Every structure is written in structure tokens, then in C-alpha cells.
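Enquirer: Just the structure for this:
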Amino acid sequence: MNNDTSSDKTTSFQSLFENSANGIAIFTPTNNGQDFIFKDVNPAAENIDLLKKRDVIGKLVTEIFPTIKNFSLLSTMRNVNKTGIAERHPTALYKDLRISGYRDNYVFKTEHNEIVNIYYDRTEEKQIEESLRESEKENKSIIEALPDLFFKIDTEFTFTDVKTNTENSSTLLVPADKIIGKKVEDILPLNIAEQTKIKIMEALTTKQLQTFEYSLNISNIDRYFEARIAPTEENIVAVIVRDITEQKLAEKRQKLLMDILLILNSGLGLTDSVKKILDLIKEHVNFYAVGIRLKKDLDYPYFAHEGFSLDFIKTEDSILYRNGDETICIDAEGNPILVCTCGLVISGKTDPNNPLYTKGGSAWYNGDSDSIKSFKDARSHPRNRCLYDGFNSIALIPIKANDKIVGLLQLNDYEPNKLTLERVEFFEKLTTTIGIALVRKWTRELLEKSEERFKNIAENIGEVVIELNSDCKIAFINKQISNVANYTVEEMLGSSFMTYLTKDSSDRCIKIHNKMVKNKDGGLCNCMVDFIQKNGTTIILDIQWKIVFGESDKFTTYLIAKDITKEEIKRRKDKEEKEKLNQEVRKKLFDIETDLKSIEVIRKV
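Expert: Next up is the predicted model:
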């Protein structure tokens with residue numbers, strides 16, 4: 001089962017790797033971290049760098065990219081390998097005899113000490129920027145066509161020109177007609193304004209393009225921007241601001257999914273895995289409170305949570321509807337009634353025609369109380385505790401495994417309008433991905449606990465307990481075997497059980513076992529066998545066995561064996577003595593009968 005789980009998870013991670021639009025290269029450090037060997041590259045990397053995977057795997061990065069030593073990316077990779085701290089290598093030109101282009105690189109180190117480089121081809125954007133500098137007239141026409149904001153700022157840090165279009169005007173903090181003539185610090189937050197001033201002076205001093213990224217909270221939504229500052233004329237710079245929110249979100253989401261997959265593929269138990277995953281999600285969404293409910297018996301209590309008050313968890317932990325005598329209420333179909341919105345989502349009974357619910361079965365609310373009143377409430381016994389506690393952004397997203405709802409992800413925040421349909425749908429995809437892995441990890445832990453209980457019981461009973469795999473080889477045997485057969489557990493593990501029996505016993509057991517397997521007979525079987533001890537002595541074992549059938553043609557055989565040699569020898573001896581006595585009695589009766597016949601003959605004479 002572990003191999004199947006690992007295979008499924010590896011397939012999921014490989015799919016992300018193969019289908020990413022960004023170039024991804026994985027390296028193994030060598031030469032004390034001074035150079036790096038290609039371990040893998042994805043199709044996007046092959047397209048961007050005009051290479052084939054088969055030509056680079058196993059080769060040094062300095063061999064494939066000979067001028068990388070003059071390109072500070074190599075230093076970045078060395079730093080990340082040394083410190084373990086991810087770094088971004090800003091856009092720069094790489095050029096050798098084979099290729100030339102601008103690359104933006106993000107480098108991080110995995111828990112397996114591999115160096116991963118995710119990079120983006122910025123060549124086209126650079127070409128556009130260079131074209132903008134060549135002609136002011138061409139600049140204006142291109143600016144009108146691009147979804148970017150365009151500003152001109154002088155050495156007094158005053159806006160002298162603004163160009164926008166209908167698509168990007170919504171990203172302005174103030175209307176465009178109120179920007180011209182204002183200082184940078186009048187429009188932007190102080191920290192961003194100061195950074196802008198520094199970059200303006202660097203652009204004017206060096207006559208080179210300057211770039212930096214920043215974020216703004218617009219309508220309670222974090223938006224990300226990239227500012228490119230280029231000198232255009234004396235004491236004037238052109239500032240091109242691009243909304244890179246989608247790109248940043250995509251990068252953050254990809255990193256979130258990769259980090260979650262790493263957790264699920266680690267050796268952590270279910271509890272630690274869920275807590276770490278919840279921490280990652282909370283950091284990603286920046287919500288005040290988050291929680292994960294998972295199925296437990298008939299209920300769906302919080303498995304992990306952060307940010308909710310103790311009183312909230314105490315009153316909202318169970319979503320089962322109970323009668324006054326605390327018995328669980330059952331619906332007409334025999335299912336337990338689950339209360340409030342969590343219960344509706346987990347029951348899979350949301351209405352996709354209601355804008356408060358998605359087609360994927362999630363519930364989401366952005367603080368608009370009128371939207372709640374405008375639709376019929378389909379919930380069972382609503383509590384509305386989230387609303388009473390003042391939460392204005394709420395998402396309840398089902399966790400699914402093989403189309404079956406096994407839990408729920410909850411995101412709560414006091415600020416309104418922190419959710420979008422696209423954001424909720426992203427988490428629907430995420431919970432579907434992790435749901436299957438969580439259930440498998442959960443199932444594996446239950447099996448491990450069950451196996452541990454079985455072994456504890458087996459080690460503390462008087463009889464020999466044996467577990468055989470499908471090839472009748474010993475997968476487990478308890479320590480009682482040393483008292484019975486003088487073998488150690490280590491000596492017998494992995495060997496065929498049938499080799500310890502006499503030929504007659506072995507042939508008889510194989511015949512019975514094969515018949516039970518063929519007929520998928522899971523009943524209890526009992527027989528006596530002659531077992532050969534380590535010293536060559538043969539003893540008699542009374543064996544009870546049962547075959548447990550699993551998936552496909554796999555099965556496990558469990559045996560309980562008891563040494564009945566003394567009892568059986570005594571039984572056989574008693575039987576022999578009884579038979580001997582019967583023979584003597586029959587002989588005497590025969591003699592008496594013969595004598596009587598002789599007497600009868602004499603009388604007749």
C-alpha cells in the first residue's frame with residue numbers, strides 16, 4: 001500500500017512539474033557546492049533554453065551554460081545551497097554562443113538538498129522596453145496598447161504626466177486627473193514613495209533601467225506591481241507600472257501546492273501534517289482564523305484550527321443535530337443531520353444557483369448581509385456563530401477524496417471583500433488534491449495502529465502466531481516460536497513456512513491452502529502437522545489458519561499454532577492400548593466361543 005501511495009503522490013508532483021509554463025531545473029550540488037549537476041528539467045525549460053533533457057541530465061550547469069560564471073545566478077545558487085534560504089535573482093541578460101535572453105530566476109533548496117531554479121523568460125518584455133526608449137512617439141502608441149500604467153516624474157519627484165486605459169485605471173489609488181502636479185509621497189504610502197525616489201535617482205545617475213516590486217491593498221485585496229524606471233530626457237524619468245498580481249498569485253499558489261505536497265510526501269503523521277498544511281494556508285490567505293474539519297465517526301469536528309476562540313471551538317466543534325436526550329437526529333435517508341452552513345457543505349446539498357455557493361459545492365460570503373436575505377435558507381438549524389462573532393469574509397470549502405466529501409476547509413476574516421470566486425475555486429482544486437493524500441495517510445495510520453495492536457496481542461499470548469504473505473513466506477512470527485521450535489524470530493522471517501514441515505504435512509497443507517485460495521474461502525481451517533525443530537526433532541502442531549483476501553489477487557494467511565506433541569502422543573498411546581485391549585477381549589471371546597462349541601459337540605455325542 002505504501003508503494004501505491006508514494007506512486008500516486010509522485011505522479012501528482014510530476015504533473016505540476018511537467019505542465020508548468022515556467023522553466024524549472026533541478027540540480028544536485030557537487031564540488032562542495034561550487035557547481036551543480038542537472039538532475040531534471042521540465043518541457044518549458046527545454047523550450048526557453050533551446051535544449052533537450054537527454055542532452056543535459058548528468059552534466060554540469062557550467063558545461064551547458066559556459067558563461068554562467070559571468071552571470072551572477074551561479075553565485076545565487078551557491079548562496080542558496082549554503083544557507084538554505086531561497087533567493088530571487090533579478091532579471092538579467094544571459095548570453096553565450098548558443099542562446100541569448102533575459103531571465104528572471106527564483107532559486108530554493110529542497111529538504112532533499114536539491115537546488116531548484118524556477119525561471120521566466122523576460123526577453124520579450126526587455127525588447128519592448130528598449131523599443132520604448134528609442135522613440136517617444138512609439139512609446140506613446142505602445143503604452144496605449146499595453147495594460148500598464150505610465151507616468152513621468154521629474155527630479156522634484158512630481159508627477160508631470162499620467163497615461164492609463166480603462167483596464168488598468170482601477171489599480172490607481174486616486175483618479176488619474178488628480179495625480180499630475182502631486183508629489184510621489186502625496187500619492188503612495190511613505191515606504192513605497194521613498195523606494196520610488198531612490199530608484200528615480202539611480203536611473204538618472206546611472207542612465208540605466210531600474211526595477212522594483214511593491215504591493216498595495218486596494219479594496220481589501222492585496223495587489224502586486226512591478227515598477228520599471230527609465231531615464232527619457234534630462235531630469236525626467238518614465239515609470240511603467242505593471243499589475244503582476246496574477247503572476248504573483250500563480251507563483252504563491254504554485255509554491256503553496258509544492259510545499260503541501262512535500263509535507264504529504266514526508267514521514268510526518270496525519271496530525272502534524274494537517275497542522276503544517278493549515279499554517280501554510282493561513283500564511284498564504286492572510287486570514288484571521290482557519291480550520292480543517294475531518295470526518296470522525298458520524299461527526300466532522302475540527303481536526304486542526306488557528307485563530308478561533310476557545311469558546312467558538314467548544315460550541316461549534318460538533319455539527320451533529322441532537323435531540324434533548326442527546327441522541328443523534330437522523331434524516332429520512334438514515335443519515336445524521338448536520339447543522340448550519342458547515343453541515344450543508346459537507347452534506348453536498350448546496351444550491352449552485354445561489355451566488356453564496358459555488359458549482360464545486362463551497363459556501364462563501366464577503367460581508368453583504370442583503371445577499372443572505374435574498375435567497376431561501378436551505379441550511380438545517382443554522383447557528384450563524386461566524387456572523388455573530390463579526391466575521392465578514394467566510395469561505396467553507398469541501399475536502400474531497402474520490403468525489404466523496406471527507407471534511408472541510410474554513411477561512412474566516414473580520415475584513416469584508418477578501419474573497420473572490422476565482423480564489424475560492426483555487427482552494428476547491430487544492431482541497432481535492434490534498435483530500436486524497438490526507439485520506440491515504442489517515443488510512444495508513446489506522447492500519448499501522450491496527451498492526452501494532454495485532455503484534456502486541458500476538459506477542460503476549462501463549463501460542464505461536466504467524467503471518468504469511470501471498471507466497472507463504474513468513475512476514476511476522478512472535479517470540480513463542482523459540483520455546484516451541486528452538487528457532488529465533490530472525491531465523492524464520494522471510495522463509496517459507498512449508499519448508500519446516502515434513503513432506504507429508506507440507507503436501508497436505510499446500511493442497512488445502514491452494515484450494516482455499518482458489519475458492520476465496522475465508523473460513524477457519526484446522527489441521528495437525530508434523531513440524532521439524534531446529535535440532536531435527538519432529539513435533540506435532542495443532543494449527544488454525546484463516547486467509548484474509550485483499551485487493552486484486554493479494555491475500556494474507558494468519559496461523560495460530562500450539563504444540564500438542566505430548567497430548568497427541570498420549571492420545572495415540574491410549575488409542576493403541578485401547579485397541580490392544582479390544583484385541584485381547586476379542587481373542588478371549590473367540591476362545592470362549594470355541595470352547596462352548598466343543599462342549600456342545602460333546603453333549604450331542
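
Enquirer: list the contacts for S495?
Expert: Applying CB atoms under 8 Å, 6 or more residues apart in numbering to S495 gives the contacts 473-474. C-beta: built from backbone N, CA, C; applies to glycine.

Enquirer: my bad, R385
Expert: Residues near R385 by CB under 8 Å, 6+ apart: 312, 315-316, 340.

Enquirer: top of those by neighbour count?
Expert: Counting neighbours by other CB atoms under 10 Å, E316 comes out on top of these with 23 neighbours.

Enquirer: Backbone dihedrals for it, please?
Expert: Note on E316: its backbone torsions stand at phi -110, psi 0 [degrees, to the nearest 10].

Enquirer: That one touches R383, doesn't it?
Expert: Yes: counting by CB atoms under 8 Å, R383 is a contact partner of E316 at 7.1 Å.

Enquirer: For L493, grab the count of nearby residues.
Expert: With other CB under 10 Å as criterion, L493 counts 12.

Enquirer: Could you check how far it is from G390?
Expert: In this view, L493 and G390 are 61 Å apart by CB to CB, to the nearest Å.

Enquirer: repeat for I547
Expert: When distance is defined by CB to CB, I547 is 60 Å away from G390.

Enquirer: same check, this time on V464
Expert: Taking CB to CB as the measure, V464 falls 64 Å from G390.

Enquirer: of the two, who's got more company?
Expert: More crowded of V464 and G390, by other CB under 10 Å: V464, with 23 against 9.

Enquirer: Identify the residues contacting the residue nearest to that one when sequence neighbours are not counted.
Expert: With sequence-adjacent residues excluded and distances taken as CB to CB, 6 or more residues apart in numbering, V464 is closest to A561, at 4.2 Å. Neighbouring residues of A561 by CB under 8 Å, 6+ apart: 463-466, 484, 531, 541-543.

Enquirer: can you check K349 too?
Expert: A378.

Enquirer: about what we covered before: looking at the contacts of A561, which one is closest to H284?
Expert: Lowest distance from H284 to the contacts of A561 (CB to CB) belongs to V465, with 48.7 Å.

Enquirer: Could you list the residues in contact with the strand or helix carrying the closest one?
Expert: Assigned by DSSP states H and E, V465 belongs to strand 464-468. With contact meaning CB under 8 Å, 6+ apart, strand 464-468 is reached by 458, 474-478, 480-481, 484, 497, 541, 556-562.

Enquirer: Can you tell me the SS state at F308?
Expert: Look at F308: counting by DSSP: H, G, I helix; E, B strand; the rest coil, its state is coil.

Enquirer: F531: neighbour count?
Expert: When neighbours are defined as other CB under 10 Å, F531 has 22 of them.

Enquirer: Assign it to helix, strand or coil.
Expert: Assignment for F531 (three-state DSSP): strand.

Enquirer: wait, it sits on D542?
Expert: No: using CB under 8 Å, F531 is not in contact with D542, being 10.5 Å away.

Enquirer: quick one on the thing from earlier: and which of the contacts of R385 is nearest E333?
Expert: E333 has its nearest neighbour among the contacts of R385 in C340, at 19.4 Å by CB to CB.

Enquirer: Can you tell me the closest non-neighbouring residue to that closest one?
Expert: Nearest non-adjacent residue to C340, counting by CB to CB, 6+ apart: R383, 4.6 Å away.

Enquirer: I figured that neighbour hits D317, correct?
Expert: No: assessed by CB under 8 Å, R383 is found out of contact with D317, at 12.0 Å.

Enquirer: which residues does L338 contact?
Expert: 300, 319-321, 344, 346-347, 380.

Enquirer: same check, this time on C386
Expert: By CB under 8 Å, 6+ apart, the contact set of C386 is 341, 394, 412.

Enquirer: measure it to I281 for me?
Expert: Applying CB to CB, the value for C386 to I281 is 17 Å.

Enquirer: Poorly predicted segments of the stretch 301-450 of the chain, please.
Expert: 370-375, 443, 445-450 (pLDDT under 70).

Enquirer: all strands of it, in order?
Expert: 302-306, 363-365, 393-401, 404-413 (DSSP state E, counting those that start in this stretch).

Enquirer: Need phi/psi at V41.
Expert: The phi/psi pair for V41 (degrees, to the nearest 10) reads phi -140, psi 150.

Enquirer: Neighbours of it, how many?
Expert: 24.

Enquirer: what does E333 give?
Expert: Around E333 there are 5 residues (other CB under 10 Å).

Enquirer: same deal with A230?
Expert: For A230, the tally of surrounding residues (other CB under 10 Å) stands at 19.

Enquirer: One more: F65?
Expert: F65 has 19 neighbours, counted by other CB under 10 Å.

Enquirer: Please list all residues in contact with it.
Expert: Contact analysis of F65 by CB under 8 Å, 6+ apart lists 71, 94, 96.

Enquirer: Please pick the buried ones from those residues.
Expert: By neighbour count, with 16 or more other CB atoms under 10 Å, those hold 71, 94 as buried.

Enquirer: I'd like to know which of the contacts of F65 are part of strands.
Expert: Counting by DSSP state E, these place Y94 in strands.

Enquirer: pLDDT for the contacts of F65 - can I get that in JSON lines?
Expert: JSON lines is the format used below for those (pLDDT from 0 to 100):
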{"residue": "F71", "pLDDT": "84"}
{"residue": "Y94", "pLDDT": "91"}
{"residue": "D96", "pLDDT": "90"}
